[in-house]
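**Student:** What would the 3D arrangement of this be:
(chains A, B, C and D)
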There are 2 protein chains.
Amino acid sequence: MNPKKVPESTISRLFVYLREVIELTRMSINTISSAELGERTNLSDTQVRKDLGYFGQFGVSGSGYNTHELKSQLEKILGKDKVWNVAVVGAGHLGRALLAYPGFQNHGLNIMAAFDIDAKKVDKQVNDIAIKSLDDAPRVIKEKNISIGIIAVPAKEAQDVANRLVSAGIECILNFAPVSLTVPEHVKIKDVDLSRELETLSYFLANKKNN
Amino acid sequence: MNPKKVPESTISRLFVYLREVIELTRMSINTISSAELGERTNLSDTQVRKDLGYFGQFGVSGSGYNTHELKSQLEKILGKDKVWNVAVVGAGHLGRALLAYPGFQNHGLNIMAAFDIDAKKVDKQVNDIAIKSLDDAPRVIKEKNISIGIIAVPAKEAQDVANRLVSAGIECILNFAPVSLTVPEHVKIKDVDLSRELETLSYFLANKKNN
DNA sequence: TGGTGTGAATGCCTTCACAGCG
DNA sequence: CGCTGTGAAGGCATTCACACCA
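**Tutor:** All right, here's what the predicted structure looks like:
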């Protein structure tokens, strides 16, 4: 349908533009140029125009983009009319932080279930969500039509959890465990590796001095 | 010193190789080929060799890499002999999860301090670390020689926190707030945008059906 | 004049292809 | 023969340069 292939990084930035444009409409600002939008998002004006250009011509020469129109176009492009159900596996500190994270609800993402293998955590309530045994996952995932799974368990258990999620019908995984998971082709996986991010920063520090 | 510029993505992968190699030495496996190492990390054999090739020739033709030597070389390259002190700003769910995160200690990263503006949280203890008022940050950061800051506060406060950290002498920031922060050239910033990661997955789901 | 839209140029990173080595 | 090391090719994403438009 799209004439040219859209880079994944473009998609990621569109969410940033959308956030900013929502803020602008709240402030009753009706027009914005690519340069201004770029400044607010720490991106170049060309980058902004190129990204938007993949999906049509929303701008007005000499004036810029209408924020209200841009907002609704971006929402349409990014599928913001749809809502997706999410399950969190692992009710440790990180898992519970994710259950409490306010950033998801506003973005078409509903955390519907939480699982853990630890019997001591099962049936505890976190933020209105009851933690269930991992054994219940296949049933609950199907019943509640959950399509996104978040893995927040230790590295050793992560592959097993991934296997269970996949066979329960999960289509996307956000993985916080510091291991490379193997999943079937049709499952999309995204890694968030917190210690690696920090380690990369420390590498930067270690090498800064030498230059 | 390095003849060719090393891609940042290579650095990031070196940490993955190191993890794997540590695991291999624990299992008393003394030799590994680039193909095997690639399989364990979901990367290609060429990628592994190219990455290592930036830093020298550690391999043995026909047999592979000695895990013990590779381990110590990687540790040296990545500055694992050094230890860096870290401060967390924001003692909400995410901040507290980071304070409790076990993955940092083993990696030359010591969380030495935590700050919050909320007077109700100040002086509470989390995982042996006392939460201090943000106003104490400049003093504590200097006293404890902290060079990495983690921002885990709401979007609206993030830029202000960043400014304070920078003027207190912080050199690297790991930012969990969903905004683009502006910092001086010499400060390295790395964003971890959790809702964006999840949103990108939901975009993938929304578009999968159309193909 | 002040802005958009976009082919062309560039730069970065990954993959290919293969020479060389134990 | 199996595996490393690496120049060359290729692919993807960003930036440049400029035609075009209100």
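
**Student:** Any idea how many residues pack against A:Leu205?
**Tutor:** 16 (other CB atoms under 10 Å in any protein chain shown). From N, CA and C alone the C-beta is placed, and that goes for glycine too.

**Student:** So the host helix or strand of it, near DNA strand C or not?
**Tutor:** If you go by DSSP states H and E, A:Leu205 is part of helix A:194-208. No: among the residues of helix A:194-208, none lie within reach of DNA strand C under CB under 7 Å from any atom of the strand; the closest is 12.4 Å away.

**Student:** Quick check: phi and psi on the spatially most central residue of chain A?
**Tutor:** Centroid-nearest residue in chain A: A:Leu174, 7.9 Å away (criterion: CA atoms, centre = their mean). For A:Leu174, the backbone dihedrals (degrees, to the nearest 10) come out as phi -100, psi 110.

**Student:** can you tell me how far it sits from A:Leu109?
**Tutor:** To A:Leu109, A:Leu174 is 10 Å away according to CB to CB, to the nearest Å.

**Student:** which neighbours do those two share?
**Tutor:** A:Ile148, B:Leu198 (CB atoms under 8 Å, 6 or more residues apart in numbering or on different chains).

**Student:** Buried ones in stretch A:129-140, by neighbour count?
**Tutor:** For stretch A:129-140, a neighbour-count test (16 or more other CB atoms under 10 Å in any protein chain shown) marks A:Ile129, A:Ile131, A:Lys132, A:Leu134, A:Ala137, A:Val140 as buried.

**Student:** Outline the domain layout of chain A.
**Tutor:** Partitioning chain A according to automatic domain parsing yields domains covering residues A:8-77, A:84-197.

**Student:** how about A:Ser28, secondary structure?
**Tutor:** Using DSSP: H, G, I helix; E, B strand; the rest coil, the structure places A:Ser28 in coil.

**Student:** Please report phi then psi for the closest residue to A:Ser180 other than its chain neighbours.
**Tutor:** Nearest non-adjacent residue to A:Ser180, counting by CB to CB, 6 or more residues apart in numbering or on different chains: B:Asn42, 4.1 Å away. Dihedral angles of B:Asn42 (phi, psi; degrees, to the nearest 10) stand at phi 60, psi 40.

**Student:** Any idea how many residues pack against B:Asn42?
**Tutor:** Using other CB under 10 Å, B:Asn42 has 13 other residues around it.

**Student:** Pretty sure it sits against A:Val179.
**Tutor:** No: between B:Asn42 and A:Val179 there is no contact under CB atoms under 8 Å: 9.6 Å.

**Student:** Show me what from chain A comes close to DNA strand C.
**Tutor:** Counting by CB under 7 Å from any atom of the strand, chain A sits next to DNA strand C at A:33-35, A:45-46, A:49-50, A:52-53, A:57-65.

**Student:** Buried ones only from those, please, as a ChimeraX command.
**Tutor:** A single ChimeraX command selects the buried members of these (16+ other CB under 10 Å):
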select /A:33,34,49,52,59,64,65
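
**Student:** tell me, which of the residues of chain A next to DNA strand C make contact with DNA strand D?
**Tutor:** Counting by CB under 7 Å from any atom of the strand, A:Thr46, A:Lys50, A:Val60, A:Ser61, A:Gly62 from the residues of chain A next to DNA strand C sit close to DNA strand D.

**Student:** Could you pull up the residues touching the last one?
**Tutor:** Same thing as A:Gly62. Contact analysis of A:Gly62 by CB under 8 Å, 6+ apart lists nothing.

**Student:** Up against DNA strand D, what does chain A have?
**Tutor:** For chain A, the residues in contact with DNA strand D (CB under 7 Å from any atom of the strand) are A:5, A:7-10, A:43-44, A:46-47, A:50, A:60-62.

**Student:** Sort out for me which of these are in helices.
**Tutor:** Among these, the ones falling in helices (DSSP state H) are A:Glu8, A:Ser9, A:Thr10, A:Thr46, A:Gln47, A:Lys50.

**Student:** Make a markdown table from those and add distance to A:Ile189 to it.
**Tutor:** Shown next, in a markdown table, are these (distance: CB to CB, whole Å):
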| residue | distance to A:Ile189 |
| --- | --- |
| A:Glu8 | 13 |
| A:Ser9 | 17 |
| A:Thr10 | 20 |
| A:Thr46 | 32 |
| A:Gln47 | 27 |
| A:Lys50 | 28 |
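
**Student:** And those, which is closest to chain B?
**Tutor:** Chain B has its nearest neighbour among those in A:Glu8, at 7.5 Å by CB to the nearest CB.

**Student:** What is the neighbour count of the residue lying closest to that closest one once chain neighbours are set aside?
**Tutor:** Spatial nearest neighbour of A:Glu8, chain neighbours left out: B:Thr200 (7.5 Å); criterion: CB to CB, 6+ apart. Look at B:Thr200: counted by other CB under 10 Å, it has 21 neighbours.

**Student:** Nearest residue to A:Gly108 in space, please, no chain neighbours.
**Tutor:** In space, A:Gly108 is closest to A:Val83, 4.9 Å off (CB to CB, 6+ apart).

**Student:** tell me the SS of A:Ala119?
**Tutor:** coil.

**Student:** Could you pull up the residues touching it?
**Tutor:** By CB under 8 Å, 6+ apart, A:Ala119 lies in contact with A:Ser133.

**Student:** gap between it and A:Ile131?
**Tutor:** Separation of A:Ala119 from A:Ile131 (CB to CB) stands at 11 Å.

**Student:** same question, A:Gln125
**Tutor:** A:Gln125 sits 8 Å away from A:Ile131, going by CB to CB.

**Student:** which among the buried residues of stretch A:129-140 gets closest to DNA strand D?
**Tutor:** DNA strand D lies nearest to A:Ala137 out of these, by CB to the nearest atom of the strand, at 33.1 Å.

**Student:** thought that closest one was touching A:Val89?
**Tutor:** Yes: taking contacts as CB under 8 Å, A:Ala137 lies within contact range of A:Val89: 7.3 Å.

**Student:** Common neighbours of the two, please.
**Tutor:** Contacts common to A:Ala137 and A:Val89, judged by CB under 8 Å, 6+ apart, are A:Phe115, A:Leu165.
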